[in-house]
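*Asks:* pasted the sequence and its predicted model underneath.
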Amino acid sequence: MKIKKRQIALLITVLVMGLAFTGCSCTKKSDVTTNVANQTNQTADATVSKEYTLKVTNKEGAEKKYQGKTESQYLVNVLDELVKAGDFTYETDGNAASPMLVKINGETAEYSADKAYWAIYVNNTYASHGIQDQPINNGDTIELKYEAAK
């Protein structure tokens, strides 16, 4: 009798563990369809042409505007497109992971010399990303502004 109880307990344990390790999933088909649709929309958004305005404000407060369309997702790509189109130049500090703007259209902002830097504003709000990670959305107004630290 004791052996039979042990065998039944062992069998139940094996079944429970088997179910746990096979990863029983309770995902509904509609959830999977929604996730696939969302991924498709994100991919489509990346290739949609978006209009933007880029404004560069130099040390003296003079502004230069660039308007265009892009299929790029990030600001760094838009800047590269403007360089290729001409009449725009920029340089970074060379940090591949998170490059900081140091020179735009020939004007250098040297934090070590005069506590100045190139600030990034998107739709009049200080950007929370650098040029490498700043997303571009349709209708965005981006400002690259020479600012002195306070």
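*Replies:* Right, received. Where do you want to start?

*Asks:* not counting sequence-adjacent ones, nearest residue to residue 106?
*Replies:* Here the nearest residue to residue 106 in space, its sequence neighbours aside, is residue 89; by CB to CB, 6 or more residues apart in numbering that works out to 6.6 Å. The way it works is simple: take the backbone N, C-alpha and C, and place the C-beta from them, glycine included.

*Asks:* for the residue nearest to residue 63 when sequence neighbours are not counted, what are its contacts?
*Replies:* Ranked by CB to CB, 6+ apart and with sequence neighbours excluded, the top spatial neighbour of residue 63 is residue 57, at 5.1 Å. For residue 57, the contacting residues are 63, 143-146, by CB atoms under 8 Å, 6 or more residues apart in numbering.

*Asks:* pretty sure the residue nearest to residue 106 contacts residue 108?
*Replies:* No. Using CB atoms under 8 Å, residue 89 and residue 108 do not qualify as a contacting pair, with a distance of 11.4 Å.

*Asks:* host element of residue 113?
*Replies:* With elements taken from DSSP states H and E, the one containing residue 113 is helix 111-114.

*Asks:* could you give the average pLDDT over that helix?
*Replies:* Averaging pLDDT along helix 111-114 gives 88.

*Asks:* please identify the helix or strand for residue 84.
*Replies:* Take DSSP H and E as the rule and residue 84 turns out to sit in helix 75-85.
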